[in-house]
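> Dropping a prediction and its sequence here:
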Amino acid sequence: MSVNLDILKHAIEHPTPHIRSRAQIILMTLEGKDTSTIAGEIGLTARTVQKWQDAWERDGLEIFPEDVRTIPPTPQPDEPIPITQDILPHLHGVIAELPPVEPSDPMWEAGRKILLADLVYMLKHEPTAVEGVDLEGVHQMRVGIRRIRSVFDVFGEYFDRKRYAGITKGSQRTGKRLGAVRDLDVFLEKTYVYINTQLEGNADTLQPMLNLIIDKRDKARKRMLDWLGSKQYEQFIQDFYELVKEPDTSGHKKYRKQSTEPLAFKVNHVGPRLLYGQIETVWAYEPFLDGASPEMLHALRIEFKRLRYIFEFFDDLLGKDGERVIDSTRKMQNYLGDFNDAAVSLEFMESLLGDLPEDQRAGIHAYMDYRRKEYKNLYKGFAKVWRKFNRTGVKKALADAIARIMIADRINDTV
């Protein structure tokens, strides 16, 4: 059999996990590895590996979809590449020198430092997001832009809103483009886990649905790339960097509106209120969690995310106790995220059923039953996860971490 290795190498980089696994099986077979070795290295059953080895012997490259068997043309040098920030090399050079938040920083200066760090973080992941092979690129870019938007939420009263108006609008648009791709990536990733673990890698019954979703993702990705390659995005990044690269000395309010009453503005004076205020918001849900609706748990997930971000904004000052609280908050947020993903996926699949003929829906119904069971199990297990977060040790770590902010300037004086 004549083998086109370029096609197999192209398939290894396919965004669909089961296509990548299939290509790995064939390439490792051609290298002379046996079935059990391949199964162990890839993480599939020997039966699945053998099935695709047999299919390869019988059908060759026909085991791959048409888009895999067609190698895309190499981009010409004069084609625009949607990585537009000329400042990126400079930012890479200052990553190690990003200024830490200090306890005596005014809140507007602490916010500026955090925005600069999050801008660096977002841009660092942009090339990977644009390339599209590793899905973490879009994920981490989205994390960066979400943190940026959260900074304006947390520090907003200390910022000149007119000064940052263009940045908030650009952040919203960037987040929308990244979010549309990421949401579909998450759905596809979890679907492929189901295919590999429950269907032994055979996606046939779900292929009509997958075709619809991949088409939606491709369109969302094109919109994302169009934005990341646009002049408007380039201007957004340049304006953003100009605003946050140096301390803002334009003057800020230190008194309450229309009053001579002083306004607290230092990190070690304001930070404790922000952290305790957000944990109060989280704890307010506790009396209502028994029998809570999916909508309430989704709202709680958002509050946990905000709590985690606020702790991370001040993590330079929180010590080991802060790390423990951040870790506990992240676990809670992830658990509620899985629950929300299961709920959203069921609604999403329900909306897709009308786009498919009746004889192509059986696989989707089976997958919906699987996700519905996952949803119910996560719902039942929530009380245990909540108790773990709410235990005395975590509360003590939280209080000790917040206390460190209030006395951080004294700690630094003694070092």
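Right, received. Where do you want to start? Residues are numbered from 1 along each chain as shown.

> give me the number of residues near the nearest residue to Ser345 once chain neighbours are set aside?
Closest residue to Ser345 apart from its sequence neighbours, by Cβ to Cβ, 6 or more residues apart in numbering: Arg371 at 5.3 Å. In this view, the C-beta of every residue, glycine as well, is placed from N, C-alpha and C. By other Cβ atoms under 10 Å, 20 other residues sit near Arg371.

> Could you give me the buried positions within whichever strand or helix holds Arg371?
Arg371 belongs to helix 362-389 when assigned by DSSP states H and E. For helix 362-389, a neighbour-count test (16 or more other Cβ atoms under 10 Å) marks 363-364, 367-368, 370-371, 374-375, 378, 382, 385-386, 389 as buried.

> Run the angle between the helix or strand where Asp338 lies and helix 362-389 for me.
If you go by DSSP H and E, Asp338 is part of helix 315-353. If you take axes from the mean of the first three to the mean of the last three Cα atoms, to 10 degrees, helix 315-353 sits at 150 degrees to helix 362-389.

> one step back: show the average pLDDT along the helix holding Arg371.
For helix 362-389, mean pLDDT is 94.

> How far away from the center of its chain is the helix or strand Gln53 falls within?
Using DSSP H and E, Gln53 sits within helix 46-59. Here the centre of helix 46-59 is set off from its chain's centre by 35 Å, with Cα atoms, centre = their mean, to the nearest Å.

> Could you list the domains of the chain?
Following automatic domain parsing, one finds the domains of the chain at 5-69, 88-244, 267-414.

> Show me the helices in the stretch 1-150 of the chain, by range?
Assigned by DSSP state H, counting those that start in this stretch, the stretch 1-150 of the chain shows helices spanning 5-12, 17-30, 35-42, 46-59, 66-69, 88-94, 107-131, 136-155.

> which other residues reach the third one?
Helix 35-42 is contacted from outside by 21, 24-25, 28-29, 33, 44-46, 48-50, 53, using Cβ atoms under 8 Å, 6 or more residues apart in numbering.

> If I look at the spatially most central residue of the chain, what pLDDT would I see?
Centroid-nearest residue in the chain, with Cα atoms, centre = their mean: His139, separated by 3.7 Å. Confidence at His139, expressed as pLDDT, is 93.

> just for the stretch 51-200 of the chain, where's the confidence low?
Scanning the stretch 51-200 of the chain with the threshold set as pLDDT under 70 gives 66-97.

> The helices of the stretch 1-150 of the chain into CSV, with extra columns for distance to Asp248?
Converted to CSV, those look like this (distance: least, Cβ to Cβ, whole Å):
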stretch, distance to Asp248
helix 5-12, 48
helix 17-30, 46
helix 35-42, 52
helix 46-59, 58
helix 66-69, 50
helix 88-94, 18
helix 107-131, 6
helix 136-155, 12
